[in-house]
Each structure stands twice: as C-alpha cells, then as structure tokens.
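**Student:** Quick one: sequence and predicted model below, then my questions.
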2 protein chains.
Amino acid sequence: MTPSDAIRAAGLRRTPARLTVYTHIQALARPVSHAELQEHPAIAAIDAITLYRTLAALLHGSLLHRVHGIDGTWRYCVQPRGAEGCPGNHAHFLCTTCGAMACLVAQPMPRVDVPTGAVVHGRHFLVHGQCGTCNANPSQPARHGDTA
Amino acid sequence: MTPSDAIRAAGLRRTPARLTVYTHIQALARPVSHAELQEHPAIAAIDAITLYRTLAALLHGSLLHRVHGIDGTWRYCVQPRGAEGCPGNHAHFLCTTCGAMACLVAQPMPRVDVPTGAVVHGRHFLVHGQCGTCNANPSQPARHGDTA
DNA sequence: GCTTTACATGCAAGTGACCTTCAGATAGGG
DNA sequence: CCCTATCTGAAGGTCACTTGCATGTAAAGC
C-alpha cells in the first residue's frame, strides 16, 4: 500500500503535509521526535503546529504509534498495519547523549499485575543510556540516525 | 535515622526547606510530583524554584529517586537507603485521570538486551491507565493519594 | 560565641514542548 | 465545478523546568 492509499484507508484526507510526513517517517523506520522531523528540509517547510496536528491525525488513524522518552518528548514511528504495534509489544532504547531512539523488537513487554480495580491502557518500557556510537566517541555526540 | 540525620549523612546542608520536603515525601511513601508537593501548605511556602533545587539536591544525595510519567512530569519517592532503589527494580502505575502514581513493587524489572556497544544507565517501566477509584467514579477524578 | 565563606534561597527572566483560537485555504463528495 | 467539512498557518498561551544573580544562612574554623 502506498503512503497515499494508507492515508485514505485510515479515513484521513490526503494532504501534502500528511503525505510528506508519513512518507518520511516510514523511510526512517525508527522512532523520531517532532524536533528531529523538523530538521529535514521538506518537513521544515511545514508549520510546526501543523506538524503536531499531522502527527496527531496519523496517530489517530493508527498509521503511527508513539513512544515517550524521559527527555519529555514523544517519538513517532510507523505502525505496522494490522499489528498491535510498538507500545504494546516491545521495549525501546533511548540514548541520552544524542537523543536517538531504537526499538528493541526482541524485548517483549512483560505482563503486569496492577492494583485491584485498575484498568491498563498501555505500557511503556524504556531503557536509557548511551548508544554504541556515543559511547565510542564521548566528545562527538552521534547525529540522529547513526545508531541502529 | 531521622530525616535530619539522613540529610547530613548524604553530605547535604540541613536547611528548613530540605527537612520539610524530605519529611513530607517520606510520609507520603509514594511517587509525588512537584505540583502535588506544592499543594501542601508547608511546602507551598517554599519557592517553586527552590523546591526544584531541593528535589535535585535530595536526588543527588541518593535520598530520593524519581520516576518519569508519560504526562511529562517527574515524580519523586524516598530511596530506601542501601537499596538499589525504585528505578532499577520495579514498575510503576500511573492513573492518567487523577495523575496518581503507585509503585508496583511486586513487578520486577525484566532484563534487557541492548544493541552492541550500548551502555544502560537506567530502565523505566511504566504502566498507565485508570486507577480503581477513578474507574469506579468516572465523573469524579480521585484526589491524589486516594489510590493504593 | 563570633566570624567567615561556601552553599542555599528567592526573584526575574528564559527555554522548549505542546495546546488553543481563529481566519483563510483546500480536499473531495455531490 | 461547486460547496462544505476539514486542514493549515499564525498568534498567543500554558506548563514543566532551567539559568543568572543578589541576598540569606548553615556550619566549619577560630
């Protein structure tokens, strides 16, 4: 399914902003923040507020999912269509030096016992530290995307 | 060990603000945010910036530890002296309706495999949803502290 | 007990993520 | 091709948190 079709299939209008953003995030294939997206020329042309709303729309249409970092920002990643998606099924690694986030797809989310009466809406399992690149070059933080 | 002694033992100056804040957090025995602390009259008298710095000092002295919520705020909780502490050894539950957080002490933090070369500094496992109180009274969000 | 000084506090101002409002633009059904 | 629901952009606001600087104070040294 092309990005264009995916947007329509999700019941959303196919606007240039949504196409650009969705195509971009799909190409990156790792969780990226609002700020990281804005670094790209094609996306920088889109108003910052529109980018927030575009991400919210794609999220609502289940085309993306998002992960919260301990740096206070959300990162967005393509949602495999038909699958449960990131938030419910694996952990993430956040490099606190360069800000890059990686999916730990091999790390399944453990089951949890919550207090009686409580209802679980979601789970976030975040491991933070330093990625291999930043660890190897302490003086030169890696550019976003250098980390696997 | 009294709060006063604990502060000194951590190599910190024993100031009124630190004594008040530490005693208070110790009495609550659950993760509380900066905003929740300010609701208390004794702490409301302390300048908000000073409260941030007091929490940072107690954190640095290993008297407290903090947990990040997906609502973008840190919550602080007493650090059992000598123990590894919350962040490394159990999960937390956050009620997205009333904002209360509870420690899931029975839920140990799972082991994780990170990409080669990466170094782990910490792990956050947060379960979010609705606590029993909020779930029972959808119209009346629970006051902080009502939840176990 | 008194002095000294390094550290703590309070205030003002700033940053960064994100939301709300509203007028103008546009996708896409009819 | 038009009309309307929806999207976009710009301005302005909120909230958590930080920084800089002058004043206040804990506690070490005498």
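**Tutor:** Noted; the coordinates are in hand. Numbering: from 1, shown residues only, chains lettered A, B, ... in the order given.
**Student:** Next one: residue A:123, what pLDDT does it get?
**Tutor:** As predicted, residue A:123 sits at a pLDDT of 87.
**Student:** Please apply the same query to residue A:63.
**Tutor:** 92.
**Student:** Same check on residue A:89?
**Tutor:** 72.
**Student:** Looks like it contacts residue A:108 (just checking).
**Tutor:** Yes - between residue A:89 and residue A:108 there is a contact under CB atoms under 8 Å: 6.4 Å. (Glycine included, C-beta is placed from N, CA and C.)
**Student:** Could you check which of the two has the larger neighbour count?
**Tutor:** Neighbours were tallied for residue A:89 and for residue A:108 using other CB atoms under 10 Å in any protein chain shown; the higher tally belongs to residue A:89 (15 against 12).
**Student:** how about the strands of chain A, start to end?
**Tutor:** A:32-33, A:64-68, A:74-78, A:91-95, A:101-104, A:119-130 (DSSP state E).
**Student:** which of the ones you listed is buried the deepest?
**Tutor:** Among those, ranked by average contacts under mean count of other CB atoms under 10 Å in any protein chain shown, first place goes to strand A:91-95 (a mean of 26).
**Student:** just the helices in chain A please.
**Tutor:** A:3-9, A:16-28, A:34-38, A:41-44, A:48-60, A:86-89, A:132-136 (DSSP state H).
**Student:** Considering the ones you listed, which stretch scores lowest in mean pLDDT?
**Tutor:** helix A:86-89 (a mean of 55).
**Student:** Close to DNA strand C: what parts of chain A are there?
**Tutor:** A:8, A:13-16, A:33-35, A:48-49, A:52-53, A:56, A:72-74 (CB under 7 Å from any atom of the strand).
**Student:** Which one (most neighbours) among the residues you listed?
**Tutor:** residue A:33 (21 neighbours).
**Student:** I'd assumed residue A:75 was in contact with that residue.
**Tutor:** Yes - using CB under 8 Å, residue A:33 makes contact with residue A:75 at a distance of 5.0 Å.
**Student:** Need the residues touching each of the two.
**Tutor:** Residues touching both residue A:33 and residue A:75 (CB atoms under 8 Å, 6 or more residues apart in numbering or on different chains): residue A:69.
**Student:** Nearest residue to the residue in chain A that DNA strand C sits nearest to in space, please, no chain neighbours.
**Tutor:** When scored by CB to the nearest atom of the strand, chain A has residue A:14 as its residue closest to DNA strand C, at 3.6 Å. Once flanking residues are discounted, residue A:14 sits nearest to residue A:7: 5.0 Å by CB to CB, 6 or more residues apart in numbering or on different chains.
**Student:** With that, I have no additional questions.
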